[in-house]
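[1] Turn this into a structure:
(chains A and B)
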Amino acid sequence: AQSVTQPDIHITVSEGASLELRCNYSYGATPYLFWYVQSPGQGLQLLLKYFSGDTLVQGIKGFEAEFKRSQSSFNLRKPSVHWSDAAEYFCAVGDISNFGNEKLTFGTGTRLTIIP
Amino acid sequence: NAGVTQTPKFRVLKTGQSMTLLCAQDMNHEYMYWYRQDPGMGLRLIHYSVGEGTTAKGEVPDGYNVSRLKKQNFLLGLESAAPSQTSVYFCASSSRTGGFNEQYFGPGTRLTVT
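    A predicted model of the protein is given here:
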């Protein structure tokens, strides 16, 4: 069965600083990988996704993520964070081992706090 | 185009009471899902549906039932609520166009069972 690990429960960065959120996955085949963001009191919004091809994927709000098969990682990055980036971030892996039975498995999330 | 909507937004139940959470989507999606979100545990899949009239169990189905009588609606029922079911519940939907499709999430329902 697939699994996702987000080792950092809470990260604090200064506004304008760079950001990297870590995600490691376990999956037997080529994974479908996602990053979602959840602002306080809101639902989840897709930031970006990786299915195949270029291992560096661009998303919304200036985020990018890099897929590294050798490290089973899909880390999320942003060169300069804004106060509005304060939120909880979830990494997820999609399982398509059974067609018509696709499911997402989420990590436990990383809470990002931005300080002025 | 409202996307995925959930009713109600908040609810407080006493132990043993029942309730139904309604999820509606207007994107003509085939797949629909119910998740629960608990602190430090991320989102866990309760039940899901791959089409009208079909449902299946997810990771944590005990204590919940679901129905998908119409393609656009997915209902989550709690027959006898327990404090362990205090959580935030999210509904999601996705299309079925090959590969793995993005799931679109509703705003959530915060349920407290006392």
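[2] Show me what the helix or strand bottoming out on mean pLDDT in chain A is packed against.
    Across the helices and strands of chain A, the lowest-confidence element by mean pLDDT, DSSP states H and E is strand A:103-106, at a mean of 88. Applying 3 or more CB pairs under 8 Å, 6 or more residues apart in numbering or on different chains; DSSP states H and E, one finds that strand A:103-106 contacts strand A:3-5, strand A:87-95, strand B:42-51. To be clear about C-beta, it is placed using only N, CA and C from the backbone, and glycine gets the same treatment.
[3] which one of these is the most hemmed in?
    When you average the neighbours per residue for each of those (mean count of other CB atoms under 10 Å in any protein chain shown), strand A:87-95 leads with a mean of 23.
[4] Quick one: distance of that one to the chain centre.
    Relative to the chain's own centre, strand A:87-95 is displaced by 5 Å; criterion: CA atoms, centre = their mean, to the nearest Å.
[5] Check whether it comes near chain B.
    Yes: with CB under 8 Å from any CB of the partner chain as the criterion, chain B is reached by strand A:87-95 at A:90, A:94.
[6] who's residue B:94 bridged to?
    Beta-bridge partners recorded for residue B:94 (DSSP bridges): residue B:31.
[7] Give me the neighbour count for it.
    Neighbours of residue B:94 under the rule other CB atoms under 10 Å in any protein chain shown: 21.
[8] mind listing what it touches?
    A:102, B:29-31, B:33, B:101-104 (CB atoms under 8 Å, 6 or more residues apart in numbering or on different chains).
[9] Residue A:24 and chain B, how far apart?
    Residue A:24 sits 14 Å away from chain B, going by CB to the nearest CB, to the nearest Å.
[10] How about residue 11: what's its closest non-neighbour residue?
    Going with chain A. The shortest distance from residue A:11 to any non-neighbouring residue, by CB to CB, 6 or more residues apart in numbering or on different chains, is to residue A:112 (5.5 Å).
[11] meant chain B actually
    That would be residue B:111: by CB to CB, 6+ apart, it lies 5.2 Å from residue B:11.
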